[in-house]
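S.K.: Here is a sequence with its predicted model. Questions after.
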Amino acid sequence: MKLRHRALLGAVALAIIAAPAYAQQSSTVTQADVQRLQDNVYLADRDLSQLRSRDATRATQLGTELDDLRDEVVYLKVKLRKERTLSRTEYADVRDRIEDLRSRARGDVAAAAPASTPTPAPAPAPSSSAASSATTASRSTSAPGNTTSTPSTTTTASRVEVPVGTEIDVRLQNTLNSGTAQVEDRFEGTTLADVTVDGRLAIPAGSIFRGVVTAVEPGTRTNRTSKMTVSFDQVTLNGRSYPIRGTVTQAIEGEGIRGEAGRTAAGAGVGAIIGGILGGFKGALAGILIGGGGTIAATEGKEVELPQGSVLRVRMDSPVQIDTQTRH
């Protein structure tokens with residue numbers, strides 16, 4: 001009996017030791033996780049576009065790596081859909097490699113390397129009067145209890161203006177359909193890439209854009225051309241919300257095995273050009289046409305539908321002042 005008890009205790013101990021590793025291995029990878037990988041590939045391509053102006057050869061080398069990673073993300077997305085499961089280790093490996101490539105494209109690795117620091121020349125010995133003054137100053141600034149005071153960090157607030165005409169790519173978090181949508185329905189999306197103005201970060205990737213349905217005409221037997229008008233009226237970043245006026249100028253497919261690959265054009269006010277990675281796919285959602293004022297019309301006698309994950313290109317119709325903070 002004692003031997004059986006010992007064996008049982010040993011098995012329980014092994015199970016407890018192995019549990020964390022098993023839990024980590026079996027943690028669920030979702031479609032949202034893989035979607036974040038696609039967004040990171042998009043941002044990596046943007047980093048390479050910026051690197052190309054500084055070092056074209058290096059950008060070409062990293063571009064080859066990014067093409068392989070882009071294919072791997074598509075493979076993971078298809079595998080997750082077909083098998084309904086994906087190894088966390090397999091997901092994390094691709095994620096880390098994308099982040100490593102982004103770091104190299106931005107030059108973070110080189111920046112992190114320790115630089116040789118010249119040995120300072122010995123300072124002259126202070127005079128007795130200077131030493132006495134320094135001792136007095138030290139006593140007057142020391143906190144009670146022999147604690148040493150440290151310099152405080154100050155934060156300077158400033159503003160950057162995102163100008164009229166700036167185009168921003170926003171991924172929908174909701175599905176919009178002209179057959180079910182109502183006027184004044186609210187929806188949200190997240191920005192795909194950083195928006196910079198004169199080298200300063202104004203709207204970081206992942207900021208929340210809030211939109212509203214302003215008009216809708218569902219399809220009927222007599223009216224086969226359904227329409228829906230949406231606009232954006234608020235952006236939220238760093239815990240603060242700012243009123244905006246934004247009009248949709250283009251709708252881009254963001255789901256399916258095609259994925260997205262960004263090519264950022266130069267200049268503020270020019271949105272990222274998103275294309276497909278397979279078969280020369282151009283990106284525009286099929287079956288819809290966007291007219292003036294952001295009105296979206298169906299072209300195939302169906303309801304206007306913008307699936308969750310679709311990318312809307314939003315043109316800023318009014319300038320917005322964004323508060324930024326600089327620590328020093």
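M.R.: Received, thanks.
S.K.: count of residues packed around G63?
M.R.: 17 (other C-beta atoms under 10 Å). Backbone N, C-alpha and C define where each C-beta goes, glycine included.
S.K.: same thing with R245?
M.R.: R245: 15 neighbours (other C-beta under 10 Å).
S.K.: so what pLDDT did T30 get?
M.R.: Here the pLDDT value assigned to T30 is 87.
S.K.: The nearest residue to V311 once chain neighbours are set aside pairs with what?
M.R.: Spatial nearest neighbour of V311, excluding adjacent residues (C-beta to C-beta, 6 or more residues apart in numbering): I252 at 4.2 Å. Counting by DSSP bridges, I252 is bridged to A284, V311.
S.K.: measure T89 to I296 for me?
M.R.: 42 Å (C-beta to C-beta, to the nearest Å).
S.K.: the more surrounded of those two?
M.R.: Between T89 and I296, counted using other C-beta under 10 Å, I296 has the larger neighbour count: 23 against 11.
S.K.: what is the more buried one paired to in the beta sheet?
M.R.: Beta-bridge partners of I296, as defined by DSSP bridges: M228, I290.
S.K.: so how many other residues sit close to D67?
M.R.: Neighbours of D67 under the rule other C-beta under 10 Å: 14.
S.K.: Roughly how far does it sit from D39?
M.R.: Distance of D67 to D39, computed by C-beta to C-beta: 17 Å.
S.K.: Also I288?
M.R.: 23 Å.
S.K.: if I've got this straight, V34 is in a helix?
M.R.: Yes: counting by DSSP: H, G, I helix; E, B strand; the rest coil, V34 is found in a helix.
S.K.: Look up how far T28 lies from it.
M.R.: 12 Å.
S.K.: Neighbour count: the two, which is higher?
M.R.: Each of V34 and T28 has its neighbours counted (other C-beta under 10 Å); V34 has more, 23 against 9.
S.K.: re the thing from before, read off the pLDDT value for the residue nearest to V311.
M.R.: Value for I252, per-residue pLDDT: 87.
S.K.: Likewise for L192?
M.R.: L192 is given a pLDDT of 90.
S.K.: Tabulate the CA atom coordinates of the helix or strand where N40 lies in PDB.
M.R.: Assigned by DSSP states H and E, N40 belongs to helix 31-52. Extracted in PDB, the C-alpha atoms of helix 31-52 (Å, rounded to 0.1, in the frame of the first residue of the first chain):
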ATOM      1  CA  GLN A  31      -8.500  34.800 -35.500                       C
ATOM      2  CA  ALA A  32      -8.000  38.100 -33.800                       C
ATOM      3  CA  ASP A  33      -4.400  37.100 -32.900                       C
ATOM      4  CA  VAL A  34      -3.700  36.200 -36.500                       C
ATOM      5  CA  GLN A  35      -5.300  39.400 -37.600                       C
ATOM      6  CA  ARG A  36      -2.800  41.300 -35.400                       C
ATOM      7  CA  LEU A  37       0.000  39.500 -37.200                       C
ATOM      8  CA  GLN A  38      -1.300  40.800 -40.500                       C
ATOM      9  CA  ASP A  39      -1.500  44.300 -39.000                       C
ATOM     10  CA  ASN A  40       2.100  44.000 -37.900                       C
ATOM     11  CA  VAL A  41       3.200  42.900 -41.400                       C
ATOM     12  CA  TYR A  42       1.400  46.000 -42.700                       C
ATOM     13  CA  LEU A  43       3.400  48.200 -40.200                       C
ATOM     14  CA  ALA A  44       6.600  46.300 -41.000                       C
ATOM     15  CA  ASP A  45       6.200  47.100 -44.700                       C
ATOM     16  CA  ARG A  46       5.700  50.700 -43.700                       C
ATOM     17  CA  ASP A  47       8.900  50.700 -41.700                       C
ATOM     18  CA  LEU A  48      10.700  49.300 -44.800                       C
ATOM     19  CA  SER A  49       9.300  52.100 -46.900                       C
ATOM     20  CA  GLN A  50      10.900  54.600 -44.600                       C
ATOM     21  CA  LEU A  51      14.100  52.700 -44.500                       C
ATOM     22  CA  ARG A  52      14.300  52.600 -48.300                       C
END
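S.K.: show me the contacts for the closest residue to V248 other than its chain neighbours.
M.R.: Excluding its sequence neighbours, the residue lying closest to V248 (C-beta to C-beta, 6+ apart) is G294, at 4.2 Å. For G294, the contact set (C-beta atoms under 8 Å, 6 or more residues apart in numbering) comprises T229, V230, S231, T247, V248, T249.
S.K.: Please apply the same query to N40.
M.R.: R95, I98, E99, R102.
S.K.: Next: V73.
M.R.: V34, L37, Q38, V41, V94, G259.
S.K.: pretty sure the first one contacts K77?
M.R.: Yes: in this structure V34 lies within contact range of K77 using C-beta atoms under 8 Å: 4.8 Å.
S.K.: ok so, going back, which ones among the contacts of G294 are found in strands?
M.R.: T229, V230, S231, T247, V248, T249 (DSSP state E).
S.K.: Ranking by neighbours, what's the top pick from those?
M.R.: For the ones in strands among the contacts of G294, neighbours tallied by other C-beta under 10 Å; top is V230, 26 neighbours.
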